[in-house]
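Visitor: Would you be able to build a 3D model of this:
(2 chains)
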Amino acid sequence: EVQLVQSGAEVKKPGESLKISCKHSGYSFTNYWIGWVRQMPGKGLEWIAIMYPDDSNTKYSPSFQGQVTISADMSIATAYLQWSSLKASDTAIYYCTRATDGLFYFDFWGQGSQVTVSS
Amino acid sequence: QSALTQPASVSGSPGQSITISCTGTSSDIGGYNFVSWYQQHPGKAPKLMIYDVSHRPSGISDRFSGSKSGNTASLTISGLQTEDEADYYCNSFTSTTTYVFGTGTKVTVL
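Guide: Next up, the predicted model:
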């Protein structure tokens, strides 16, 4: 069974760093793109970035370029989304997802990670 | 890269059909047949409902159908049921090899 299991809720202060994770299981981590999506409180879905772990090819939405970094550790089939300096406006639920290489849709999703940034 | 435009809300009575539009540009919807639709119930993760404009994943009811004309894609839900009440988002691949979501539509079953 394919599963994407994300790390738990985080409460951080502005300026702090953070790295959230998404553990993939039930399938081979290779040949899939991994993506991240943001949902701010009461708002819609926003596409952040996508990465192909096999060659580290990464594409960021212009809105998020330079604001976050995505990465992956193929040895443990885990994807990451990280911030070096959080802002209050980063408060949101973050979802990880996957897309098969050569296909252009997201078929499995993580349960979401709540990130709250508050002083 | 602007979000694709969807109506904020659409409503219908049980058994009726509703259609949600999703308007983009020639750099996204109009340029590729890579439009997908996602359903999101409150507090839940999104769920894939339609891919490649009009294809349904295994397990998705045939009451859901998709289409595209020019820069506008559409999702139609026929035989509306109470469990269809949710938020719906379109998504498209873009000319910059990234993706963009729609603004989202809240479907209410009256």
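Visitor: and residue B:7, which of the three is it?
Guide: Here residue B:7 is recorded as coil under DSSP: H, G, I helix; E, B strand; the rest coil.
Visitor: For chain A, see how far away it is.
Guide: Distance, residue B:7 to chain A, by CB to the nearest CB, to the nearest Å: 13 Å. Any C-beta I mention is one placed from the backbone N, CA and C, and that applies to glycine too.
Visitor: dump the residue contacts of that residue.
Guide: Residues counted as contacts of residue B:7 (CB atoms under 8 Å, 6 or more residues apart in numbering or on different chains) are B:20, B:21, B:105.
Visitor: Which of the residues you listed sits closest to chain A?
Guide: The closest of the contacts of residue B:7 to chain A turns out to be residue B:105 (CB to the nearest CB; 9.4 Å).
Visitor: what about the closest one, neighbour count?
Guide: Residue B:105 is flanked by 22 other residues according to other CB atoms under 10 Å in any protein chain shown.
Visitor: Give me the pLDDT value at residue A:102.
Guide: Note on residue A:102: pLDDT of 84.
Visitor: Correct me if wrong, but it is in a helix.
Guide: No: Residue A:102: not assigned to a helix; according to three-state DSSP it is coil.
Visitor: Next, it: phi, psi?
Guide: phi 90, psi -10 (degrees, to the nearest 10).
Visitor: count of neighbours near it?
Guide: With other CB under 10 Å as criterion, residue A:102 counts 7.
Visitor: Please tell me how far it sits from residue A:73.
Guide: Separation of residue A:102 from residue A:73 (CB to CB, to the nearest Å): 23 Å.
Visitor: What parts of chain A come near chain B?
Guide: A:35, A:37, A:44-47, A:50, A:59-63, A:95, A:97, A:103-107, A:109-112 (CB under 8 Å from any CB of the partner chain).
Visitor: Report the beta-bridge partners for the closest residue to residue B:55 other than its chain neighbours.
Guide: Once flanking residues are discounted, residue B:55 sits nearest to residue B:66: 7.7 Å by CB to CB, 6 or more residues apart in numbering or on different chains. Legend: beta-bridge partners of residue B:66 under DSSP bridges are residue B:75.
Visitor: Just the buried ones among the residues of chain A next to chain B, please.
Guide: Among the residues of chain A next to chain B, those scoring as buried are A:35, A:37, A:44-47, A:50, A:59-61, A:95, A:97, A:104-107, A:109-110, A:112 (criterion: 16 or more other CB atoms under 10 Å in any protein chain shown).
Visitor: Strands - which of those residues land there?
Guide: Using DSSP state E, A:35, A:37, A:45, A:46, A:47, A:50, A:59, A:60, A:95, A:97, A:109 are the members of those that sit in strands.
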